[in-house]
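Engineer: I would like to see how this sequence folds:
(one chain, ligands or ions: 1)
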Amino acid sequence: MNNKPYLLKLPPKGDERGWLVAVEGLKEIPFEIKRIFYIYGTKGDAVRGQHANRRSEFVLINVCGECKVRTDNGCGEKEIFWLNKPHEGLYIPRLCWKDMFDFSENSILLCLASEGYDSSEYIRDYDAYCAEMKGIHHG
Ligand code: TYD
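Structural biologist: A predicted model of the protein is given here:
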């Protein structure tokens, strides 16, 4: 099972006025976009996320400021991504644990999702998540 996150370069279009980034579902974004939400005004010591989703895939774009995202596949593979460019996105597949932290005061984290909101698809218990993933990875 592949639940590995990766960075996406989003091509900025520039002219003498400045920059513009445009993305479309199934083009720059590897799924159809069904939902958009954004996170802002986050306290510097706050940790958000702390869950995995059974169905939703995400692309996270820090369009202003910066934050970090720690990902975890439940089997010991952990990565930290520093999101600090409006033309870079982090693709997060299904069943990937994520924590967002170290938000700058001005951070606006734009989140594109493949599904509408459904709280029942969230796994919020880390130990239960790891147990489930070990079962999936090791058959
Ligand atoms: P939460 O899952 O805690 O956000 P994060 O992933 O950043 O830690 O969501 C915060 C609140 O917002 C919670 O009451 C659920 C609600 N919410 C929605 O109503 N729709 C959404 O698409 C999302 C992501 C959250």
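Engineer: Show me the contact partners of stretch 128-139.
Structural biologist: Residues from elsewhere that reach stretch 128-139 (Cβ atoms under 8 Å, 6 or more residues apart in numbering): 1, 3, 52, 73-75, 95, 97, 123. Every residue, glycine included, has its C-beta placed from N, CA and C.
Engineer: I figured I80 hits C67, correct?
Structural biologist: No - shown here, I80 and C67 do not form a contact pair, counting by Cβ atoms under 8 Å, at 10.9 Å.
Engineer: Compare those two (neighbour count), which wins?
Structural biologist: Taking neighbours as other Cβ atoms under 10 Å, I80 and C67 compare with C67 leading, 21 against 11.
Engineer: show me the contacts for the more buried one.
Structural biologist: Here C67 is in contact with 42, 83, 100-104, 107, 109 (Cβ under 8 Å, 6+ apart).
Engineer: check contacts around I80.
Structural biologist: Listed by Cβ under 8 Å, 6+ apart, the contact partners of I80 are 68-71.
Engineer: Oops, could you answer that again for L26 instead?
Structural biologist: E32.
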